[in-house]
Structure formats: structure tokens, C-alpha cells
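Let's see this in three dimensions:
(chains A and B)
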Protein chains: 2
Amino acid sequence: MSFGGKVLTIFHLDNSRSERIIWLAEELGLAYELQTFARENRAAPAALLDIHPIGTAPLLRDGARVIMESGAIVEYLVNCHGQGRLMEPVMSPHYIDYLQWLHFAEGTALSAMSRAFGMRMLLGAECPAVQNAMVRQQRTLQVVERELAVRPYFAGPRFTAADIMMEYYFTALERASMVDLHTYEHTTRWIAMVRSRPAYQRMMAVAAPTAAL
Amino acid sequence: MSFGGKVLTIFHLDNSRSERIIWLAEELGLAYELQTFARENRAAPAALLDIHPIGTAPLLRDGARVIMESGAIVEYLVNCHGQGRLMEPVMSPHYIDYLQWLHFAEGTALSAMSRAFGMRMLLGAECPAVQNAMVRQQRTLQVVERELAVRPYFAGPRFTAADIMMEYYFTALERASMVDLHTYEHTTRWIAMVRSRPAYQRMMAVAAPTAAL
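Next up, the predicted model:
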């Protein structure tokens, strides 16, 4: 198969977590083809089902293989295309932090955010169950704030793929107008720092959202 | 610090995903101390906040360090205590499958299940939004069924930690009475196979749920 000489194809859904994969590819300087899909009625379009039966983004094609799931694609890219960059190896003193936040981004943070957002759309912000979900968000944000008060990046002294995984949590909170982050001083410092990276800005130049969630 | 000669402590919340960590420790033959917490009003008790500010389970203490997040704990245990067992290394032809399902369990499957379950509790099973969430569950189950029709385990020919991550998705669906799985022939074959493992049964002997969700 030929994709204009590029082995990697990133299938990007507008206004979604697949922004991470483009950002990571830009950080690593990987050549990739970008295929962007618009949302239909806010959801992923049926055309994504032609790429992979899960029908969501991100999806990454590497040669003949299509890989799903943000965390898996990120680990795959750093471990198989990254030549040791943007990750912490098993023997590193920062390995546990790297692993924790790499998984926490979806496993806890965005999972709880998605649940709260879905409930708020259906029940309104005044509903007690929605307010309980917001309290849980606040605990997550406090844990993050505490972490970023004592280290510049999630895995320690260096920017890693764990930061890319975590950044989309804040993007999602902001785009859904879920939380005012400005009282979280260290978190907002970290957000500004990672978004000022040239690779993030190259990602936004090709993948800035065209429609609201 | 001494924990009866054991370096590892697993903090287990009754009827929760921390069952995975006990199961994995049993598979790997690791010595561990088990501390079990009962739920209070269905949620994690405040006592877990004394272990880690996230206040949820699973949590794993290894020496002086407490690690959160199922996927991170599982990757940590296999990579740092597993001596190459129950994982697929980067050069393995099964590495991509291993990674995908290791992350998919929380990132897609349980995230969507938790959202649907929360909505159903608040709105009832007849609500159209709940029924839409159930349709998304079915797509997830169909993708899994298709996968398990062509390979015995999620990562291919061998049982791995990806199976342990995925099994709790079905446990959660069953305990929440979300889906009748019996039409998913390959999935139910896989469930029976992994739950028949001696290490799973040793886990259930010490961690079977004592209260409903």
C-alpha cells in the first residue's frame, strides 16, 4: 500500500481526543497523513466504521494495521516510533508517575468528566446528582493541582506523552464549560506551558475544532 | 517499613475493579498484604483518602510508594514484578493487541458502561438517552465478540494482563444487570475460560463481593 510515501495515517474526528495523536506525531517529528472527519449530530460519522468497527476516533493506521484507543496509540507511537523520546522507561525513577497519568487521563479523569457532562445535558446543572459528579471532578482537579505544585510535568522534570494524554482532559472541561480552572494555579501554569509548545501549535493549525461539541 | 515481610499491599474496595489487582498478583505468585474496605452508601469510604488523596481503589503500595489507577498498576506489576509473564513485549507480533485491550477496558468499555449505568439509575431504562447508551454498549460488545471469534485471548494465543483488564468490564455489566451476554457466544466462552483459572478463583476466595453495587 502507498499513502504518498507515509506509513502512518491519523484518522481525526473534529473536536475530539484524536488531537492528542496529531500533537504527539508533531512532537516526534513523524511523517503522517491526516484524514479528518466532521461530526454528525455531535457524534462520530458512520464513515469511521469503514476504517474500524469501533467507529470512533482516534484511529491510527501503521502499514496494514489500524490501532484504536488513545492510550494504546500513544504508548505504541512512543515505544515503536519514538526512539526513547517522550516516555520514561521501566528503570526510570519517573516510570510510575509516567504510567499513572498516562492511564489516569482516560481511566479516571475523562471517564468521570464524560459521565458528568452526559448527566448535565439530560438533567441540568442544578440536579443534585450532577452536582455530586461536579464534586468528584473537583477532587480530581485537586489531586492534579497538588501534583503539579511539586513537579513541572506529570511524570516529573520532563515533558512526556503523559502530559499529552492529560492535556485533553482540560481541553474537554473547557470546551464543555464544565469548570472554571483559574483558581488552580499550578494546573493553569502547566496548561499554558504545554500549549505553548511548537508541536501543539502545529497540531492546532491543522486540527482546531470547526464545530462545538 | 515492615508489612509482615511483604513489600506489596493491595488496597481493595469491596465489589470493585481492584479485584483485578488481586487476581494479577495471584497469577504472578506475588506475596502481598490485602486490605479490604467496605463501601459506604455504595461509594468508596473516606478511609481510602488516608491511603491516597484520590480516595478510590485500586491502590497498590510497593515499599514507600502508593500507585493509583488499574491500568497503571497492572502495567507496573507485569513490567516490574512479572519477569516477562502475562505481557507482550514491544517486539512481539501481539504487542498492539495487548496494548489496545489493556487501555480499551477503561478508556472505552468501562467508561461507556459507567455513563450508561449512571444515566439509567437517574432516568430509568426506558429513557431514550439511556437506550442510546445501551446501543453503544452493544457496539462495544460486537467488536469484542468479533475479536474473540478469531483468537482465544485478547492479545492472541496467550492469556495476558489485557484479559484481566477486560474481564472486569463483563463483571461490571453482569453485576449491574446491564446486558444479557448469552448471545455473545465467543465472549461467554472466553469469560468462562478466564474465570476457571485457579488464580481467579483464589482471588474470589478472598475478594468476592459482600454487598451489591
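
Would you agree residue A:96 is in contact with residue B:67?
Yes. Look at residue A:96 against residue B:67 with CB atoms under 8 Å: they come within range, at 5.7 Å. Bear in mind the C-beta positions are built from the backbone N, C-alpha and C, glycine included.

following the helix or strand of chain A with the lowest mean pLDDT, which helix or strand shows up next?
None of the helices or strands of chain A scores lower by mean pLDDT, DSSP states H and E than helix A:111-123, at a mean of 87. Heading C-terminal from helix A:111-123, the first helix or strand you meet, by DSSP states H and E, is helix A:128-148.

Buried ones in that next one, by neighbour count?
Residues of helix A:128-148 classed as buried by neighbour count (16 or more other CB atoms under 10 Å in any protein chain shown): A:129-130, A:133-134, A:136-137, A:140-141, A:143-145, A:147-148.

And that helix, how far out from the chain middle?
Going by CA atoms, centre = their mean, to the nearest Å, the spacing between the C-alpha centre of helix A:128-148 and its chain's C-alpha centre is 18 Å.

Check stretch A:125-134 too.
Chain-centre distance of stretch A:125-134: 25 Å, with CA atoms, centre = their mean.

could you check whether that stretch is close to chain B?
Yes. Using CB under 8 Å from any CB of the partner chain, we find that stretch A:125-134 touches chain B at A:127, A:129, A:133.

anything in stretch A:60-78 near chain B?
Yes. Stretch A:60-78 comes into contact with chain B (CB under 8 Å from any CB), by way of A:65, A:67, A:68, A:69, A:70, A:71, A:72, A:75, A:76.

Pull out the CA atoms of that stretch and give them to me as CSV.
Below are the C-alpha coordinates for stretch A:60-78, written out as CSV (Å, rounded to 0.1, in the frame of the first residue of the first chain):
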residue,chain,number,x,y,z
LEU,A,60,-4.0,5.2,13.6
ARG,A,61,-3.1,3.2,10.6
ASP,A,62,0.5,1.9,10.5
GLY,A,63,1.1,0.0,7.4
ALA,A,64,-1.7,-2.6,7.2
ARG,A,65,-2.7,-2.3,10.8
VAL,A,66,-5.4,0.0,12.3
ILE,A,67,-5.0,0.7,16.0
MET,A,68,-7.7,2.1,18.3
GLU,A,69,-7.8,3.8,21.7
SER,A,70,-5.9,7.0,22.6
GLY,A,71,-3.7,5.4,25.4
ALA,A,72,-2.8,2.4,23.2
ILE,A,73,-1.9,4.6,20.2
VAL,A,74,0.2,6.9,22.4
GLU,A,75,2.1,4.0,24.0
TYR,A,76,2.6,2.4,20.6
LEU,A,77,3.9,5.6,19.0
VAL,A,78,6.4,6.4,21.7
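
which parts of it are buried?
A:60-62, A:66-78.

Among these, which pair sits farthest apart?
Across the buried residues of stretch A:60-78, no pair lies farther apart than A:66 and A:78, at 18.5 Å, counting by CB to CB.

Please list all residues in contact with residue A:79.
Going by CB atoms under 8 Å, 6 or more residues apart in numbering or on different chains, residue A:79 touches A:87, B:90.

Mind doing that once more with 10 Å?
A:87, A:89, A:161, B:89, B:90, B:95, B:99 (CB atoms under 10 Å, 6 or more residues apart in numbering or on different chains).

next one: residue A:60
By CB under 10 Å, 6+ apart, the contact set of residue A:60 is A:8-11, A:18, A:21, A:24-25, A:32, A:52, A:66-70, A:72-74, A:76-77, B:96.

Please repeat the previous calculation with a cut-off of 8 Å.
Contacts of residue A:60 (CB under 8 Å, 6+ apart): A:8, A:9, A:10, A:11, A:21, A:66, A:67, A:73, A:76, A:77.

Kindly report the same for residue A:170.
Residues in contact with residue A:170 (CB under 8 Å, 6+ apart) are A:181, A:187, A:191.

Between those, which sits nearest chain B?
residue A:187 (14.7 Å; CB to the nearest CB).

Could I get the average pLDDT for whichever strand or helix holds the closest one?
Here residue A:187 sits within helix A:185-195, counting by DSSP H and E. Helix A:185-195 comes out with an average pLDDT of 98.

Give me the contacts around the least confident helix or strand of chain A.
Defining contact as CB under 8 Å, 6+ apart, one finds that helix A:111-123 is touched by A:127, A:129-130, A:133-134, A:136-137, A:140, A:169, A:172-173, A:176, A:178, B:106-107, B:110-111, B:114-115, B:118-119, B:122-123, B:127, B:129, B:133.

6 Å - rerun?
If you take CB atoms under 6 Å, 6 or more residues apart in numbering or on different chains as the criterion, helix A:111-123 is touched by A:130, A:133, A:136, A:172, A:176, B:111, B:114, B:115, B:118, B:129.

So for the fourth one, what's the nearest residue that isn't a sequence neighbour?
Ranked by CB to CB, 6 or more residues apart in numbering or on different chains and with sequence neighbours excluded, the top spatial neighbour of residue A:172 is residue A:113, at 5.8 Å.

tell me which parts of chain A are close to chain B?
A:53-54, A:67, A:69, A:71-72, A:75-76, A:79, A:90, A:96, A:99-100, A:103-104, A:106-107, A:111, A:114-115, A:118, A:122, A:129, A:143 (CB under 6 Å from any CB of the partner chain).

From those residues, which land in strands?
residue A:67 (DSSP state E).

Now the buried members of the contacts of residue A:79.
Neighbour counting over the contacts of residue A:79 (16+ other CB under 10 Å) leaves A:87, A:161, B:95, B:99 as the buried ones.

State the pair within these that is farthest apart.
Among the buried ones among the contacts of residue A:79, the pair separated by the greatest distance (CB to CB) is A:161 and B:95, at 16.4 Å.

so where's chain A uncertain?
Scanning chain A for pLDDT under 70 picks out A:1-6.

would you list every one of the helices in it?
Under the criterion DSSP state H, chain A carries helices at the ranges A:19-28, A:70-76, A:95-104, A:111-123, A:128-148, A:161-175, A:185-195, A:198-207.

Out of those helices, which gets nearest to residue B:157?
Short answer: helix A:70-76, nearest of the helices of chain A by CB to CB, at 19.4 Å.

What helices and strands are in contact with that closest one?
Under the contact criterion of 3 or more CB pairs under 6 Å, 6 or more residues apart in numbering or on different chains; DSSP states H and E, helix A:70-76 touches helix A:19-28, helix B:95-104.

one step back: now that we have the contacts of residue A:170, which of them are buried?
Buried among the contacts of residue A:170 (16+ other CB under 10 Å): A:187, A:191.

so can I have a markdown table of the contacts of residue A:170 showing distance to residue A:209?
A markdown table is the format used below for these (distance: CB to CB, whole Å):
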| residue | distance to residue A:209 |
| --- | --- |
| A:181 | 18 |
| A:187 | 21 |
| A:191 | 17 |
